[in-house]
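Asker: Predicted model and sequence below, questions to follow.
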Amino acid sequence: MADVTIRVSPNGSLMVKGEVNLVDEDGKPWELDGDTIFLCRCGNSANMPFCVSSHKREGFTPGTYAP
């Protein structure tokens, strides 16, 4: 697998860049287009686990940041 970068967006999603295998709770793989996906952190996405920018509407703020 190639290098993967996961970037935390302030008050937003997780940007995952690179070749990854994303599977659901049953182990079924998601069909992904391209090498960049955005994963929801706020829990309000209508298309989980992917971000649909609902964090903007909901006013999401994260609990902690990396030291």
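Answerer: Looks like it arrived, so ask away.

Asker: can you give me the offset of stretch 20-37 from its chain's centre?
Answerer: 11 Å (Cα atoms, centre = their mean, to the nearest Å).

Asker: Now do the buried residues in that stretch.
Answerer: In terms of neighbour count (16 or more other Cβ atoms under 10 Å), stretch 20-37 has its buried residues at 20, 37. Any C-beta I mention is one placed from the backbone N, CA and C, and that applies to glycine too.

Asker: Give me the residues contacting it.
Answerer: Around stretch 20-37, the neighbours that count as contacts under Cβ atoms under 8 Å, 6 or more residues apart in numbering are 1, 4, 15-19, 49-50.

Asker: can you put those in TSV and add neighbour count, distance to Tyr65 and pLDDT?
Answerer: Supplementary listing: these in TSV, determined by neighbours: other Cβ atoms under 10 Å; distance: Cβ to Cβ, whole Å; pLDDT from 0 to 100:
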residue	neighbour count	distance to Tyr65	pLDDT
Met1	7	27	49
Val4	11	21	96
Met15	15	16	96
Val16	18	18	97
Lys17	16	20	97
Gly18	13	22	96
Glu19	11	27	93
Pro49	14	21	96
Phe50	15	23	96
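
Asker: Would you reformat the residues you listed as CSV and include secondary structure and distance to Cys40?
Answerer: Below are the contacts of stretch 20-37 laid out as CSV (DSSP: H, G, I helix; E, B strand; the rest coil; distance: Cβ to Cβ, whole Å):
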residue, secondary structure, distance to Cys40
Met1, coil, 23
Val4, coil, 18
Met15, strand, 12
Val16, strand, 12
Lys17, strand, 16
Gly18, coil, 19
Glu19, coil, 21
Pro49, coil, 6
Phe50, strand, 6
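
Asker: could you pull out the strands for the chain?
Answerer: Counting by DSSP state E, the chain has strands at residues 5-8, 14-17, 36-39.

Asker: Geometric centre of the protein: which residue is closest?
Answerer: Computing the C-alpha centroid of the chain and ranking residues by Cα atoms, centre = their mean puts Leu39 first, at 1.2 Å.

Asker: any idea how far that one is from Tyr65?
Answerer: Distance of Leu39 to Tyr65, given as Cβ to Cβ, to the nearest Å: 17 Å.
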